[in-house]
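[1] Provide a 3D model corresponding to the input given below.
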Amino acid sequence: KQLFIISKESRAARFGIGTYIRQLIECFDLSLWCIHVVELNASVEGYVYKEEDGVFYSKISLPVYVNEWDLEKERLYYRGVFYWLASLIPDDREVFCHFNFARDYELARLLKEKLNVTIFFTLHYMEWSFDLLGNSEKLLSILSNPTDREEEKIVNQFKNERFMADCCDSIITISKHTLKLLQTLYGIPDFKLVHIPLGLKDKYIKKMAWLIMPVLIGVAVNQVNTLVDRTLASTLPVGTVSALNYSNKLTSFVIAIFITSISSVIYPMLSQLSSENNQERFTASVIKSINCVIILVLPITVGTIVLALPIVRVLFERGAFDANGTYLTALALAMYSIGMVAYGLRDVLGKIFYSLQDTKTPMVNGVIAMGVNMVMDVVFIQFWGLAGLTLATSLSSIACIMLLFRSLKKKMGYFGQDKIMKATLKSLAASLVMGVVSYYSYHYMMRFTSTGGEREFVVLMIAVILSAGVYGGLVILFRVDEIKIVTDVLRKRLKI
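    Below you'll find the predicted structure:
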(Lines give C-alpha, C1' and ligand atoms only; values in the text may rest on other atoms or scores of the structure.)
Protein backbone atom coordinates (compact mmCIF):
# COMPACT_ATOMS: atom_id res chain seq x y z
CA LYS A 1 0.00 0.00 0.00
CA GLN A 2 1.11 3.53 -0.73
CA LEU A 3 0.21 6.69 1.18
CA PHE A 4 0.84 10.27 0.08
CA ILE A 5 0.62 12.87 2.86
CA ILE A 6 0.11 16.26 1.23
CA SER A 7 1.19 19.35 3.14
CA LYS A 8 2.41 22.88 2.43
CA GLU A 9 5.28 25.05 3.54
CA SER A 10 3.57 27.37 6.00
CA ARG A 11 3.59 28.44 9.61
CA ALA A 12 0.80 25.97 10.39
CA ALA A 13 2.70 23.12 8.71
CA ARG A 14 5.88 23.95 10.60
CA PHE A 15 4.46 24.22 14.12
CA GLY A 16 1.02 22.58 14.07
CA ILE A 17 0.16 20.28 11.20
CA GLY A 18 3.83 19.37 10.74
CA THR A 19 4.01 17.94 14.26
CA TYR A 20 0.82 16.02 13.66
CA ILE A 21 2.23 14.57 10.41
CA ARG A 22 5.35 13.31 12.18
CA GLN A 23 3.15 11.54 14.72
CA LEU A 24 0.97 10.15 11.94
CA ILE A 25 3.97 8.58 10.20
CA GLU A 26 4.95 6.76 13.40
CA CYS A 27 1.58 4.98 13.40
CA PHE A 28 2.37 3.07 10.18
CA ASP A 29 4.29 -0.15 9.74
CA LEU A 30 6.81 0.77 7.05
CA SER A 31 7.19 -2.87 6.05
CA LEU A 32 3.56 -2.76 4.84
CA TRP A 33 3.26 0.87 3.75
CA CYS A 34 5.23 3.09 1.41
CA ILE A 35 4.92 6.60 2.84
CA HIS A 36 5.53 9.78 0.80
CA VAL A 37 5.35 13.19 2.46
CA VAL A 38 4.79 15.85 -0.20
CA GLU A 39 5.39 19.51 0.69
CA LEU A 40 3.88 21.94 -1.82
CA ASN A 41 4.84 25.61 -2.28
CA ALA A 42 8.28 24.79 -0.89
CA SER A 43 11.07 27.37 -0.97
CA VAL A 44 13.39 25.19 -3.08
CA GLU A 45 14.49 25.30 -6.69
CA GLY A 46 12.44 22.85 -8.75
CA TYR A 47 11.90 19.93 -6.45
CA VAL A 48 13.77 17.87 -3.84
CA TYR A 49 13.28 14.14 -3.43
CA LYS A 50 14.94 12.12 -0.68
CA GLU A 51 14.50 9.10 1.59
CA GLU A 52 14.96 9.30 5.35
CA ASP A 53 14.38 6.43 7.81
CA GLY A 54 12.28 4.53 5.28
CA VAL A 55 10.01 7.51 4.49
CA PHE A 56 10.15 9.41 1.17
CA TYR A 57 10.03 13.21 1.19
CA SER A 58 9.25 15.44 -1.78
CA LYS A 59 9.46 19.24 -1.82
CA ILE A 60 7.91 20.95 -4.84
CA SER A 61 8.62 24.63 -5.34
CA LEU A 62 6.28 27.50 -6.03
CA PRO A 63 5.83 28.27 -9.74
CA VAL A 64 7.74 31.20 -11.27
CA TYR A 65 4.45 32.94 -12.08
CA VAL A 66 3.31 33.04 -8.43
CA ASN A 67 2.96 36.82 -8.53
CA GLU A 68 0.40 36.49 -11.35
CA TRP A 69 -1.58 33.71 -9.67
CA ASP A 70 -5.09 32.98 -10.93
CA LEU A 71 -7.38 29.97 -11.15
CA GLU A 72 -6.00 28.76 -14.47
CA LYS A 73 -2.37 28.99 -13.33
CA GLU A 74 -3.31 27.25 -10.09
CA ARG A 75 -4.77 24.33 -12.09
CA LEU A 76 -1.63 24.21 -14.20
CA TYR A 77 0.54 24.01 -11.06
CA TYR A 78 -1.52 21.20 -9.53
CA ARG A 79 -1.56 19.34 -12.86
CA GLY A 80 2.24 19.31 -12.82
CA VAL A 81 2.24 18.05 -9.22
CA PHE A 82 -0.26 15.36 -10.18
CA TYR A 83 1.95 14.01 -12.99
CA TRP A 84 4.94 14.00 -10.65
CA LEU A 85 3.02 11.96 -8.05
CA ALA A 86 1.61 9.64 -10.70
CA SER A 87 5.15 8.81 -11.81
CA LEU A 88 5.87 7.51 -8.27
CA ILE A 89 2.97 5.04 -8.20
CA PRO A 90 3.56 1.44 -9.37
CA ASP A 91 0.65 -0.25 -11.13
CA ASP A 92 0.16 -2.93 -8.47
CA ARG A 93 -0.31 -0.68 -5.42
CA GLU A 94 -3.41 0.40 -3.57
CA VAL A 95 -2.99 4.16 -3.17
CA PHE A 96 -4.25 6.47 -0.45
CA CYS A 97 -3.83 10.22 -0.18
CA HIS A 98 -4.13 12.36 2.92
CA PHE A 99 -4.72 16.11 2.54
CA ASN A 100 -4.44 18.82 5.19
CA PHE A 101 -5.40 21.99 3.28
CA ALA A 102 -8.70 22.61 1.45
CA ARG A 103 -6.95 24.84 -1.11
CA ASP A 104 -5.41 21.69 -2.65
CA TYR A 105 -8.79 20.48 -3.91
CA GLU A 106 -7.65 20.61 -7.58
CA LEU A 107 -4.92 18.08 -6.88
CA ALA A 108 -7.39 15.92 -4.95
CA ARG A 109 -9.82 16.05 -7.90
CA LEU A 110 -7.15 14.90 -10.39
CA LEU A 111 -6.02 12.04 -8.15
CA LYS A 112 -9.61 10.87 -7.68
CA GLU A 113 -10.70 11.20 -11.34
CA LYS A 114 -7.53 9.93 -13.05
CA LEU A 115 -6.25 7.30 -10.63
CA ASN A 116 -9.24 6.59 -8.35
CA VAL A 117 -7.09 7.22 -5.28
CA THR A 118 -8.75 6.86 -1.86
CA ILE A 119 -8.65 10.35 -0.36
CA PHE A 120 -8.76 11.41 3.27
CA PHE A 121 -8.97 15.04 4.32
CA THR A 122 -8.26 16.19 7.87
CA LEU A 123 -10.06 19.48 8.41
CA HIS A 124 -7.92 21.22 11.01
CA TYR A 125 -9.68 24.55 10.66
CA MET A 126 -12.04 26.48 8.36
CA GLU A 127 -10.40 29.50 6.77
CA TRP A 128 -13.51 31.69 6.82
CA SER A 129 -13.88 31.18 10.57
CA PHE A 130 -10.73 33.26 11.18
CA ASP A 131 -12.21 36.26 9.41
CA LEU A 132 -15.70 35.85 10.87
CA LEU A 133 -14.65 34.55 14.30
CA GLY A 134 -16.70 31.44 13.70
CA ASN A 135 -19.98 33.33 13.10
CA SER A 136 -21.84 30.86 10.86
CA GLU A 137 -24.92 33.15 10.56
CA LYS A 138 -22.71 35.89 9.15
CA LEU A 139 -21.26 33.36 6.70
CA LEU A 140 -24.73 32.42 5.41
CA SER A 141 -25.47 36.12 4.85
CA ILE A 142 -22.22 36.58 2.91
CA LEU A 143 -22.77 33.45 0.81
CA SER A 144 -26.16 34.73 -0.34
CA ASN A 145 -24.96 38.24 -1.16
CA PRO A 146 -21.24 39.12 -1.04
CA THR A 147 -20.76 42.91 -1.13
CA ASP A 148 -17.00 43.48 -1.41
CA ARG A 149 -13.69 41.75 -2.23
CA GLU A 150 -13.18 40.54 1.35
CA GLU A 151 -16.56 38.85 1.36
CA GLU A 152 -15.86 37.36 -2.08
CA LYS A 153 -12.65 35.92 -0.64
CA ILE A 154 -14.68 34.30 2.14
CA VAL A 155 -17.07 32.83 -0.45
CA ASN A 156 -14.10 31.35 -2.33
CA GLN A 157 -12.70 29.88 0.89
CA PHE A 158 -16.03 28.20 1.55
CA LYS A 159 -16.18 26.88 -2.02
CA ASN A 160 -12.66 25.45 -1.73
CA GLU A 161 -13.65 23.49 1.34
CA ARG A 162 -16.86 22.34 -0.35
CA PHE A 163 -14.98 21.23 -3.47
CA MET A 164 -12.47 19.32 -1.34
CA ALA A 165 -15.34 17.62 0.52
CA ASP A 166 -16.78 16.42 -2.81
CA CYS A 167 -13.44 14.81 -3.78
CA CYS A 168 -12.89 13.00 -0.51
CA ASP A 169 -13.84 9.54 0.61
CA SER A 170 -13.59 10.56 4.27
CA ILE A 171 -13.32 13.85 6.13
CA ILE A 172 -11.70 13.73 9.56
CA THR A 173 -12.56 16.33 12.20
CA ILE A 174 -11.16 16.80 15.70
CA SER A 175 -13.96 18.94 17.15
CA LYS A 176 -17.70 18.40 17.40
CA HIS A 177 -18.29 22.03 16.37
CA THR A 178 -16.55 21.39 13.02
CA LEU A 179 -18.47 18.14 12.60
CA LYS A 180 -21.78 19.95 13.11
CA LEU A 181 -20.86 22.67 10.59
CA LEU A 182 -19.95 20.07 7.97
CA GLN A 183 -23.32 18.39 8.47
CA THR A 184 -25.40 21.60 8.41
CA LEU A 185 -23.62 24.31 6.39
CA TYR A 186 -21.77 22.06 3.93
CA GLY A 187 -24.36 19.29 3.66
CA ILE A 188 -21.77 16.51 3.93
CA PRO A 189 -23.40 13.08 4.40
CA ASP A 190 -22.64 11.31 7.69
CA PHE A 191 -20.96 8.30 6.03
CA LYS A 192 -18.13 10.58 4.87
CA LEU A 193 -17.49 12.10 8.30
CA VAL A 194 -15.14 10.71 10.93
CA HIS A 195 -14.87 12.47 14.28
CA ILE A 196 -11.67 11.86 16.26
CA PRO A 197 -11.85 13.65 19.64
CA LEU A 198 -8.77 15.32 21.07
CA GLY A 199 -8.33 12.35 23.36
CA LEU A 200 -9.38 13.77 26.72
CA LYS A 201 -12.17 11.17 26.98
CA ASP A 202 -9.96 8.30 25.87
CA LYS A 203 -9.66 5.69 28.62
CA TYR A 204 -5.89 5.46 28.19
CA ILE A 205 -5.51 9.24 28.46
CA LYS A 206 -7.54 9.17 31.67
CA LYS A 207 -5.43 6.33 33.00
CA MET A 208 -2.24 8.22 32.16
CA ALA A 209 -3.58 11.32 33.94
CA TRP A 210 -4.31 9.30 37.08
CA LEU A 211 -0.85 7.77 36.93
CA ILE A 212 1.02 11.02 36.31
CA MET A 213 -0.59 13.11 39.07
CA PRO A 214 1.17 11.27 41.93
CA VAL A 215 4.46 11.62 40.02
CA LEU A 216 4.01 15.40 39.86
CA ILE A 217 3.18 15.51 43.58
CA GLY A 218 6.26 13.38 44.30
CA VAL A 219 8.47 15.84 42.42
CA ALA A 220 6.86 18.69 44.37
CA VAL A 221 7.70 16.89 47.63
CA ASN A 222 11.41 16.98 46.77
CA GLN A 223 11.21 20.68 45.99
CA VAL A 224 9.40 21.36 49.28
CA ASN A 225 12.16 19.53 51.17
CA THR A 226 14.79 21.70 49.50
CA LEU A 227 12.81 24.88 50.21
CA VAL A 228 12.39 23.97 53.91
CA ASP A 229 16.11 23.22 54.27
CA ARG A 230 17.12 26.53 52.69
CA THR A 231 14.59 28.50 54.71
CA LEU A 232 15.86 27.03 57.98
CA ALA A 233 19.48 27.44 56.86
CA SER A 234 18.85 31.17 56.40
CA THR A 235 18.39 31.44 60.19
CA LEU A 236 21.97 30.20 60.75
CA PRO A 237 25.19 32.25 60.47
CA VAL A 238 26.29 33.86 57.18
CA GLY A 239 27.62 31.39 54.62
CA THR A 240 25.39 28.51 55.70
CA VAL A 241 22.98 28.76 52.76
CA SER A 242 25.89 28.82 50.28
CA ALA A 243 27.47 25.81 51.95
CA LEU A 244 24.14 23.99 51.77
CA ASN A 245 23.76 24.80 48.07
CA TYR A 246 27.30 23.78 47.12
CA SER A 247 27.11 20.47 48.98
CA ASN A 248 23.69 19.76 47.47
CA LYS A 249 25.07 20.39 43.98
CA LEU A 250 27.94 17.96 44.54
CA THR A 251 25.53 15.26 45.74
CA SER A 252 23.16 15.90 42.83
CA PHE A 253 26.11 15.68 40.42
CA VAL A 254 26.86 12.13 41.54
CA ILE A 255 23.20 11.12 41.21
CA ALA A 256 22.89 12.70 37.77
CA ILE A 257 26.05 11.08 36.43
CA PHE A 258 25.56 7.53 37.67
CA ILE A 259 22.06 6.83 38.98
CA THR A 260 20.25 8.45 36.07
CA SER A 261 22.14 6.15 33.70
CA ILE A 262 20.93 3.05 35.52
CA SER A 263 17.32 4.19 35.99
CA SER A 264 16.95 5.34 32.38
CA VAL A 265 18.11 1.91 31.16
CA ILE A 266 16.06 -0.24 33.51
CA TYR A 267 12.70 1.56 33.25
CA PRO A 268 11.81 0.52 29.64
CA MET A 269 13.04 -3.00 30.33
CA LEU A 270 11.04 -3.34 33.56
CA SER A 271 7.92 -1.89 31.91
CA GLN A 272 8.13 -4.44 29.11
CA LEU A 273 8.68 -7.37 31.48
CA SER A 274 5.80 -6.18 33.67
CA SER A 275 3.44 -5.92 30.68
CA GLU A 276 4.50 -9.41 29.58
CA ASN A 277 3.87 -10.67 33.14
CA ASN A 278 7.33 -12.24 33.14
CA GLN A 279 7.73 -12.41 36.93
CA GLU A 280 11.02 -14.32 36.97
CA ARG A 281 12.90 -11.97 34.67
CA PHE A 282 11.26 -8.94 36.28
CA THR A 283 12.51 -9.99 39.72
CA ALA A 284 16.00 -10.67 38.33
CA SER A 285 16.05 -7.18 36.79
CA VAL A 286 14.93 -5.61 40.08
CA ILE A 287 17.75 -7.37 41.92
CA LYS A 288 20.36 -6.26 39.40
CA SER A 289 19.11 -2.67 39.38
CA ILE A 290 19.14 -2.29 43.16
CA ASN A 291 22.50 -4.05 43.53
CA CYS A 292 24.07 -1.89 40.84
CA VAL A 293 23.09 1.27 42.71
CA ILE A 294 24.43 -0.08 45.99
CA ILE A 295 27.71 -1.32 44.48
CA LEU A 296 28.24 1.95 42.64
CA VAL A 297 27.14 4.52 45.23
CA LEU A 298 28.24 2.94 48.52
CA PRO A 299 31.99 3.39 47.85
CA ILE A 300 31.30 6.95 46.65
CA THR A 301 29.48 7.57 49.94
CA VAL A 302 32.39 6.31 52.05
CA GLY A 303 34.97 8.10 49.91
CA THR A 304 33.07 11.39 50.07
CA ILE A 305 32.72 11.21 53.87
CA VAL A 306 36.43 10.47 54.30
CA LEU A 307 37.69 13.03 51.78
CA ALA A 308 34.95 15.69 52.03
CA LEU A 309 37.31 18.44 53.21
CA PRO A 310 39.97 18.06 50.48
CA ILE A 311 37.30 17.59 47.79
CA VAL A 312 35.63 20.90 48.67
CA ARG A 313 38.97 22.66 49.15
CA VAL A 314 40.24 21.62 45.71
CA LEU A 315 36.97 22.44 43.94
CA PHE A 316 35.90 25.69 45.59
CA GLU A 317 38.41 27.29 47.98
CA ARG A 318 39.57 30.43 46.20
CA GLY A 319 38.69 34.11 46.30
CA ALA A 320 35.82 34.85 48.73
CA PHE A 321 35.35 31.12 49.37
CA ASP A 322 37.59 30.89 52.48
CA ALA A 323 38.60 28.11 54.88
CA ASN A 324 35.43 28.58 56.95
CA GLY A 325 33.29 28.15 53.82
CA THR A 326 35.27 25.02 52.98
CA TYR A 327 34.67 23.59 56.45
CA LEU A 328 30.91 24.28 56.37
CA THR A 329 30.49 22.87 52.86
CA ALA A 330 32.56 19.76 53.68
CA LEU A 331 30.49 19.20 56.83
CA ALA A 332 27.23 19.47 54.87
CA LEU A 333 28.61 17.24 52.10
CA ALA A 334 29.61 14.53 54.58
CA MET A 335 26.15 14.58 56.17
CA TYR A 336 24.42 14.53 52.76
CA SER A 337 26.63 11.59 51.73
CA ILE A 338 25.18 9.43 54.50
CA GLY A 339 21.96 9.32 52.50
CA MET A 340 23.54 9.13 49.03
CA VAL A 341 22.69 5.44 48.58
CA ALA A 342 19.12 6.22 49.65
CA TYR A 343 18.88 9.05 47.09
CA GLY A 344 19.94 6.65 44.35
CA LEU A 345 17.69 3.81 45.47
CA ARG A 346 14.72 6.17 45.73
CA ASP A 347 15.03 6.99 42.05
CA VAL A 348 15.40 3.34 41.00
CA LEU A 349 12.66 2.03 43.29
CA GLY A 350 10.37 4.75 41.97
CA LYS A 351 10.98 3.47 38.43
CA ILE A 352 10.21 -0.08 39.60
CA PHE A 353 6.85 1.01 40.99
CA TYR A 354 6.13 3.06 37.84
CA SER A 355 6.79 0.01 35.68
CA LEU A 356 4.16 -1.80 37.78
CA GLN A 357 1.78 1.12 36.99
CA ASP A 358 1.83 2.15 40.64
CA THR A 359 2.70 5.82 41.01
CA LYS A 360 0.77 6.30 44.24
CA THR A 361 3.09 4.33 46.54
CA PRO A 362 6.25 6.40 45.87
CA MET A 363 4.19 9.57 46.35
CA VAL A 364 2.71 8.46 49.69
CA ASN A 365 6.07 7.33 51.01
CA GLY A 366 7.65 10.55 49.77
CA VAL A 367 5.06 12.66 51.62
CA ILE A 368 5.68 10.66 54.83
CA ALA A 369 9.45 11.13 54.42
CA MET A 370 8.90 14.86 53.88
CA GLY A 371 7.02 15.07 57.18
CA VAL A 372 9.80 13.14 58.93
CA ASN A 373 12.39 15.46 57.37
CA MET A 374 10.57 18.60 58.57
CA VAL A 375 10.29 17.31 62.14
CA MET A 376 13.96 16.26 62.26
CA ASP A 377 15.02 19.56 60.64
CA VAL A 378 13.37 21.56 63.41
CA VAL A 379 14.82 19.33 66.15
CA PHE A 380 18.33 18.73 64.77
CA ILE A 381 18.99 22.35 63.83
CA GLN A 382 18.75 23.26 67.52
CA PHE A 383 21.66 20.95 68.38
CA TRP A 384 23.88 20.68 65.29
CA GLY A 385 22.99 23.60 63.02
CA LEU A 386 23.89 22.99 59.37
CA ALA A 387 25.04 19.44 60.06
CA GLY A 388 21.64 18.75 61.64
CA LEU A 389 19.77 20.00 58.56
CA THR A 390 21.70 17.84 56.10
CA LEU A 391 21.71 14.83 58.45
CA ALA A 392 17.91 15.11 58.74
CA THR A 393 17.64 15.02 54.92
CA SER A 394 19.79 11.89 54.78
CA LEU A 395 17.93 10.10 57.55
CA SER A 396 14.52 10.96 56.08
CA SER A 397 15.69 9.57 52.70
CA ILE A 398 16.79 6.36 54.41
CA ALA A 399 13.38 6.18 56.10
CA CYS A 400 11.71 6.66 52.70
CA ILE A 401 13.74 3.77 51.26
CA MET A 402 12.75 1.50 54.15
CA LEU A 403 9.10 2.33 53.48
CA LEU A 404 9.52 1.69 49.75
CA PHE A 405 11.17 -1.68 50.36
CA ARG A 406 8.32 -2.58 52.71
CA SER A 407 5.76 -1.57 50.09
CA LEU A 408 7.63 -3.49 47.38
CA LYS A 409 7.56 -6.63 49.53
CA LYS A 410 3.80 -6.27 49.95
CA LYS A 411 3.37 -5.83 46.20
CA MET A 412 5.78 -8.48 44.89
CA GLY A 413 6.48 -10.76 47.81
CA TYR A 414 9.97 -11.94 47.01
CA PHE A 415 12.12 -9.48 45.10
CA GLY A 416 15.55 -10.89 45.92
CA GLN A 417 15.97 -9.57 49.48
CA ASP A 418 18.62 -12.16 50.34
CA LYS A 419 20.69 -11.41 47.24
CA ILE A 420 20.40 -7.66 47.81
CA MET A 421 21.53 -8.04 51.44
CA LYS A 422 24.46 -10.23 50.41
CA ALA A 423 25.62 -7.71 47.78
CA THR A 424 25.17 -4.85 50.28
CA LEU A 425 27.34 -6.54 52.94
CA LYS A 426 30.07 -7.35 50.40
CA SER A 427 30.04 -3.83 49.03
CA LEU A 428 30.06 -2.33 52.53
CA ALA A 429 33.06 -4.41 53.57
CA ALA A 430 34.94 -3.45 50.42
CA SER A 431 33.94 0.22 50.86
CA LEU A 432 35.18 0.35 54.46
CA VAL A 433 38.55 -1.07 53.44
CA MET A 434 38.63 1.39 50.57
CA GLY A 435 37.82 4.24 53.01
CA VAL A 436 40.77 3.33 55.20
CA VAL A 437 43.07 3.18 52.16
CA SER A 438 41.83 6.53 50.83
CA TYR A 439 42.22 8.24 54.22
CA TYR A 440 45.76 7.05 54.95
CA SER A 441 47.01 7.33 51.37
CA TYR A 442 45.80 10.93 51.11
CA HIS A 443 47.19 12.03 54.45
CA TYR A 444 50.49 10.21 53.87
CA MET A 445 51.05 11.95 50.53
CA MET A 446 49.98 15.34 51.95
CA ARG A 447 52.94 15.17 54.35
CA PHE A 448 55.15 16.01 51.37
CA THR A 449 53.15 18.95 50.00
CA SER A 450 50.92 21.87 51.06
CA THR A 451 47.14 22.14 50.99
CA GLY A 452 45.34 23.80 48.11
CA GLY A 453 46.30 24.26 44.49
CA GLU A 454 47.32 21.80 41.82
CA ARG A 455 49.50 19.66 44.09
CA GLU A 456 46.66 18.77 46.42
CA PHE A 457 44.48 18.05 43.38
CA VAL A 458 47.10 15.56 42.11
CA VAL A 459 47.36 13.94 45.56
CA LEU A 460 43.56 13.69 45.79
CA MET A 461 43.29 12.11 42.34
CA ILE A 462 46.00 9.55 43.18
CA ALA A 463 44.18 8.67 46.41
CA VAL A 464 40.86 8.33 44.55
CA ILE A 465 42.34 6.15 41.79
CA LEU A 466 44.16 3.97 44.33
CA SER A 467 41.00 3.59 46.41
CA ALA A 468 38.90 2.76 43.35
CA GLY A 469 41.41 0.06 42.40
CA VAL A 470 41.25 -1.43 45.90
CA TYR A 471 37.45 -1.42 45.88
CA GLY A 472 37.25 -2.90 42.40
CA GLY A 473 39.68 -5.66 43.32
CA LEU A 474 37.76 -6.51 46.48
CA VAL A 475 34.32 -6.74 44.84
CA ILE A 476 35.82 -8.97 42.16
CA LEU A 477 37.41 -11.07 44.92
CA PHE A 478 34.04 -11.20 46.72
CA ARG A 479 32.42 -12.31 43.43
CA VAL A 480 29.78 -9.62 43.22
CA ASP A 481 27.87 -10.48 40.04
CA GLU A 482 26.73 -6.96 39.13
CA ILE A 483 30.25 -5.49 38.93
CA LYS A 484 30.33 -5.99 35.13
CA ILE A 485 27.11 -3.97 34.71
CA VAL A 486 28.57 -1.19 36.88
CA THR A 487 31.80 -1.05 34.88
CA ASP A 488 29.79 -0.86 31.64
CA VAL A 489 27.81 2.11 33.01
CA LEU A 490 31.04 3.84 34.07
CA ARG A 491 32.61 3.29 30.65
CA LYS A 492 29.61 4.81 28.89
CA ARG A 493 29.34 7.82 31.20
CA LEU A 494 33.10 8.48 31.22
CA LYS A 495 33.41 7.52 27.51
CA ILE A 496 36.27 5.15 28.11
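[2] give the contact list for the residue nearest to residue 462 when sequence neighbours are not counted.
    Sequence neighbours aside, residue 445 is the residue nearest to residue 462 in space, at 6.6 Å (criterion: CB to CB, 6 or more residues apart in numbering). For glycine as for every other residue, the C-beta is placed from the backbone atoms N, C-alpha and C. Counting by CB atoms under 8 Å, 6 or more residues apart in numbering, residue 445 makes contact with 459, 462, 463.
[3] give me every residue that touches the last one.
    For residue 463, the contacting residues are 307, 438, 441, 442, 445, by CB under 8 Å, 6+ apart.
[4] export these to JSON lines and tack on distance to residue 283?
    What follows is the contacts of residue 463, written out as JSON lines (distance: CB to CB, whole Å):
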{"residue": "307", "distance to residue 283": "37"}
{"residue": "438", "distance to residue 283": "35"}
{"residue": "441", "distance to residue 283": "40"}
{"residue": "442", "distance to residue 283": "41"}
{"residue": "445", "distance to residue 283": "45"}
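[5] Please report phi then psi for the residue nearest to residue 462.
    Here is the backbone geometry of residue 445 (degrees, to the nearest 10): phi -70, psi -30.
[6] what's the answer for residue 115, then?
    Torsion angles at residue 115 (phi, psi; degrees, to the nearest 10) stand at phi -120, psi 0.
[7] And it, how close does it get to residue 441?
    79 Å (CB to CB, to the nearest Å).
[8] now swap in residue 153 and tell me
    From residue 153 over to residue 441 (counting by CB to CB), the distance is 82 Å.
[9] and those two? which has more neighbours close in?
    Per other CB atoms under 10 Å, whichever of residue 153 and residue 441 has more neighbours is residue 441, with 18 against 15.
[10] Could you check which helix or strand contains that one?
    Using DSSP states H and E, residue 441 falls within helix 417-446.
[11] how far is that helix from where the chain is centred?
    Chain-centre distance of helix 417-446: 35 Å, with CA atoms, centre = their mean, to the nearest Å.
[12] Specify the angle between the helix or strand just after that helix and helix 417-446 in degrees.
    The helix or strand immediately downstream of helix 417-446 is helix 453-477, counting by DSSP H and E. Per axes from the mean of the first three to the mean of the last three CA atoms, to 10 degrees, the angle that helix 453-477 makes with helix 417-446 is 150 degrees.
[13] Quick check: the gap between residue 295 and residue 256.
    For residue 295, the distance to residue 256 equals 18 Å [CB to CB].
[14] same check, this time on residue 140
    61 Å.
[15] Likewise for residue 397?
    16 Å.
[16] so where's the protein uncertain?
    11-16, 18, 63-69, 198-202, 204-205, 485-486, 488-496 (pLDDT under 70).
[17] Give me the most central residue, it.
    residue 264 (10.2 Å; CA atoms, centre = their mean).
[18] so which helix or strand takes in it?
    Per DSSP H and E: helix 260-275 holds residue 264.
[19] Likewise for residue 36?
    Here residue 36, judged by DSSP H and E, is contained in strand 34-42.
[20] Show me what that strand is packed against.
    In terms of contacts (3 or more CB pairs under 8 Å, 6 or more residues apart in numbering; DSSP states H and E), strand 34-42 is packed against strand 2-8, helix 17-26, strand 55-61, helix 71-86.
[21] Kindly reformat the ones you listed as JSON lines containing distance to residue 455.
    Shown next, in JSON lines, are the helices and strands packed on strand 34-42 (distance: least, CB to CB, whole Å):
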{"stretch": "strand 2-8", "distance to residue 455": "63"}
{"stretch": "helix 17-26", "distance to residue 455": "55"}
{"stretch": "strand 55-61", "distance to residue 455": "58"}
{"stretch": "helix 71-86", "distance to residue 455": "71"}
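[22] Select, out of the ones you listed, the one closest to residue 182.
    Minimum separation from residue 182 across the helices and strands packed on strand 34-42 (CB to CB) falls at helix 17-26, 18.6 Å.
[23] Show residues contacting the closest one.
    Counting by CB under 8 Å, 6+ apart, 5, 7, 12, 13, 35, 37, 55, 98, 100, 122, 124 sit against helix 17-26.
[24] Show me which positions of that helix end up buried.
    17, 18, 21, 24, 25 (16 or more other CB atoms under 10 Å).
[25] Quick check, residue 269 in contact with residue 285.
    Yes. With contact defined as CB atoms under 8 Å, residue 269 reaches residue 285; the gap is 6.0 Å.
[26] And residue 295 and residue 256? Which one has more around it.
    Taking other CB under 10 Å, residue 295 and residue 256 do not tie; residue 295 has more neighbours (23 against 11).
[27] contacting residues for that one?
    Taking CB under 8 Å, 6+ apart, one finds 423, 427, 475, 480, 482, 483, 486 in contact with residue 295.
[28] check contacts around residue 196.
    Residue 196 neighbours (CB under 8 Å, 6+ apart): 172, 173, 174.
[29] Alright, I will stop here.
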